[in-house]
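> Got a sequence here, can you model it:
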Amino acid sequence: MKKFLSLVLALVMTMSLVTVSAGAKDFDDNGDIDYKEAVDVISALGIVDGYSDGSFRPDGSLTRGAAAKIICNLILGPTTASALSATTAPFKDVPTTNVFAGYITYCAQQGIISGYGDGTFRPTGSLTGNAFMKMLLGALGYDSSIEHYTGSNWQVNVVKQAIGIGLDDGNDDFVGSRTVTRQEACLYAFNMLQATMVEYDQQNTIVVGDITINTTSSRKDVANNAKDQTISDDDKMQFAEKYFDDLKLSDGTDDFARPSNVWRLKAEKIGTYAKEADASYTAKVAVDDIYADLDLGSSVDKKDVTVYEDGAELKNAAVDITKNDDDTEFGANGVLTEVFYDDDDDTVVITMVNTYVGTINSSVAAKGNKD
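Below is the predicted model of the structure:
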C-alpha cells in the first residue's frame, strides 16, 4: 500500500547569514564571491570594479597590468590614477598606447614593480600571490632592497613578511606560487588597507672608491597621532588612514546579534559583516567543549555571557563557561552556533541561528482516503 507523509512545517527566518546595506555593489554573480566583505569595500572605493555586464567574475585571473592599476588606485585614488600616462614605453612590450602603460610606469618609478631580465613586463601575464604581495608591501613602505625582496630567496622573504602582518588573513588556503584571482586580490588589498605603514629612519649611500656601502637604521611603524583614527585607534598609521580617510571602520552587530565590522564611506554605509567566530558548531555543543575550544585558562562568569537566538537575547540562557559543565548544551542539528570571546573584557557572546526552513512534527501512514 502506498503511504503518504503528513507534514506540519514550522517556518523560520531564511535571512542571509551576511547582512549588507544598499551601499554595497550588487553584482550579478554575488553568490560566487567568497570574500564578500573585501570585495564590497574594495569595489566601493573604486579600486577594483566589475564588468559592463554587471558581473564581477571573482575567480578570473589577475594580470600583471591589472595589478599595477590596483596599486595605483590604492596609492593615488582611482580619479588621479586614471589620469596617469606614459610619455615613453616603460618596457619594450608595453607601448605608451597600452591601457596599463601609465599604471606600470608609475609603479616602476616608485620601485614597486620590476620587469624581466629580457626587458619585458608581460602585462597580460598572470600574477602569483607572492608577486602581488611584494607589490602591496612596497606600497606599505617596505624597501625591496633592504628587506631582501630581490635575489633567489625573495619569495621566502616576501611571504614571511606578508603573512606576518596578515595580508593573507581570510584565505586559509593561500599558496604564494598560485595565480591570484580577482577576489583574492580584493582580499589582500582589503587586508592592506588595515595594515600599518612603515618607514626607515635613515638611508645613506656611501661610495668609497669602487665600494658602495648602504647604511640604514631599523624599520619602524609610521605614527598617527590624529584624534580621529578611522581604522584602528592605536596611534599608528594604517594604509587606509593615510590614503582613504573617508573610509571608516566601527564595531557593531548584525541582524543575528553577532559582533560585526561596520564599514562606511563618508556618510554612506557599505555594509555590516559578521566577524570570524572563535568557535563554530552545527550540532549540539556542551559548555565544557566551548571552554576547551576557546582555550580558556579560567571560567567566565555567567554575568559576562550573553546568548542570542535568531537575534533575540535569551536572558535566562547565560551560564558560567567552565570546564566542568558537560550537561548544559547549546544549538542543535540545523542550527549554526557561533561563540565570540573578547579577551580584553573577558566576555563571551553565543549566537544561535536557525538555518533550516522547517521541521517535521509527525509522520503517519495513510488511512482510508486521507493523506
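
> Tell me where the model's unsure across the stretch 151-300 of the chain.
203, 214-216 (pLDDT under 70).

> can you map out the helices along it?
For the stretch 151-300 of the chain, helices defined by DSSP state H, counting those that start in this stretch occupy the ranges 154-164, 182-193, 239-243, 287-293.

> counting contacts, what elements does the longest one pack onto?
Packing partners of helix 182-193 (3 or more Cβ pairs under 8 Å, 6 or more residues apart in numbering; DSSP states H and E): helix 36-44, helix 64-76, helix 129-140, helix 239-243. Any C-beta I mention is one placed from the backbone N, CA and C, and that applies to glycine too.

> what does stretch 243-255 contact?
For stretch 243-255, the surrounding residues in contact (Cβ atoms under 8 Å, 6 or more residues apart in numbering) are 15, 18-19, 41, 45, 74-75, 77, 193-194, 230-232, 240, 259-266, 272-274, 311.

> okay, how far is it across that stretch, tip to tip?
31 Å (Cα to Cα, to the nearest Å).

> how about that stretch: buried residues?
Neighbour-count burial for stretch 243-255 flags 243, 244, 247, 248, 249, 253, 254, 255 (criterion: 16 or more other Cβ atoms under 10 Å).

> Next: stretch 110-121.
Applying 16+ other Cβ under 10 Å to stretch 110-121 flags 112, 113, 115, 121 as buried.

> Name the surrounding residues that touch it.
64-65, 67-68, 71, 75, 90-94, 104, 107-108, 122, 135, 138-139, 144.

> before we move on, the earlier item: can I get the helices and strands packed on helix 182-193 in JSON lines including distance to residue 365?
JSON lines is the format used below for the helices and strands packed on helix 182-193 (distance: least, Cβ to Cβ, whole Å):
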{"stretch": "helix 36-44", "distance to residue 365": "46"}
{"stretch": "helix 64-76", "distance to residue 365": "63"}
{"stretch": "helix 129-140", "distance to residue 365": "59"}
{"stretch": "helix 239-243", "distance to residue 365": "64"}
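
> And the ones you listed: which comes nearest residue 336?
helix 36-44 (16.8 Å; Cβ to Cβ).

> can you tell me the average pLDDT over that closest one?
For helix 36-44, the mean pLDDT works out to 96.

> who are the neighbours in contact with residue 369?
Residue 369 neighbours (Cβ under 8 Å, 6+ apart): none.

> Give me the subset of the contacts of stretch 243-255 that lies in strands.
259, 260, 261, 262, 263, 264, 265, 272, 273, 274 (DSSP state E).

> thinking the second one is in contact with residue 271, fair?
No: the pair residue 260 and residue 271 does not pass the contact test of Cβ atoms under 8 Å, sitting 9.3 Å apart.
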